[in-house]
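Novice: Build me a model from this:
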Amino acid sequence: MYKFMRKYVSEKECPDDMQRLERLMIQDYVLISANTGLRVGEIRQLTWDDVLGYEEHITDEKTDLYIENLTKKMLVYALGRGLEFYDERVVDRIVRRLKSAEYCHDELIMGIVKSLPFDMKRGESSN
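Specialist: Next up, the predicted model:
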């Protein structure tokens, strides 16, 4: 659909500037509708505040997912094994501490080092 819409608004298909401007607006409506499931009437009622608020929501979600995945990867590396279901509580605790410390890398490392799974690593003695 994206390729078709690019061709639909190209200068080759539409040499008239006014008509191309109308086609660009139609392209925006079609792409927003196709990607969000919104109807034309709903799209017309959107404001920049709606769009900007949604962008911040996505960024926060992605940040949380990134931090959680980074924590899991670092914990796997530190433990030398895959994560088990009981490690999820440790990951959640470290992620919460990272958020409260404004995502400081030192907090991630200290959270892993001070965690119970790291302290109880299999196959190593605590001499």
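
Novice: In terms of helices and strands, where is the residue nearest in space to the middle of the chain?
Specialist: Centroid check for the chain by C-alpha atoms, centre = their mean gives Lys62 as the closest residue, at 2.3 Å. Taking DSSP states H and E as the definition, Lys62 sits inside helix 48-79.

Novice: and that helix, average pLDDT?
Specialist: Averaged over helix 48-79, pLDDT sits at 76.

Novice: do the same with stretch 16-33
Specialist: 77.

Novice: buried ones in it?
Specialist: Arg20, Arg23, Gln27, Val30, Ile32 (16 or more other C-beta atoms under 10 Å). Yep, even glycine has a C-beta here, placed from its N, CA and C like the rest.

Novice: In TSV: those, plus secondary structure and distance to Cys14.
Specialist: What follows is the buried residues of stretch 16-33, written out as TSV (DSSP: H, G, I helix; E, B strand; the rest coil; distance: C-beta to C-beta, whole Å):
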residue	secondary structure	distance to Cys14
Arg20	helix	5
Arg23	helix	6
Gln27	helix	11
Val30	helix	15
Ile32	helix	20
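
Novice: So which of these is the closest to Tyr86?
Specialist: Ile32 (44.0 Å; C-beta to C-beta).

Novice: give the contact list for the closest one.
Specialist: Leu38, Ile43 (C-beta atoms under 8 Å, 6 or more residues apart in numbering).

Novice: begin at 590 from here
Specialist: From this message on, residue numbering opens at 590, which makes the last subject Ile621.

Novice: There's contact between Leu620 and Met594 in this structure, I believe.
Specialist: Yes - using C-beta atoms under 8 Å, Leu620 is in contact with Met594, at 6.3 Å.
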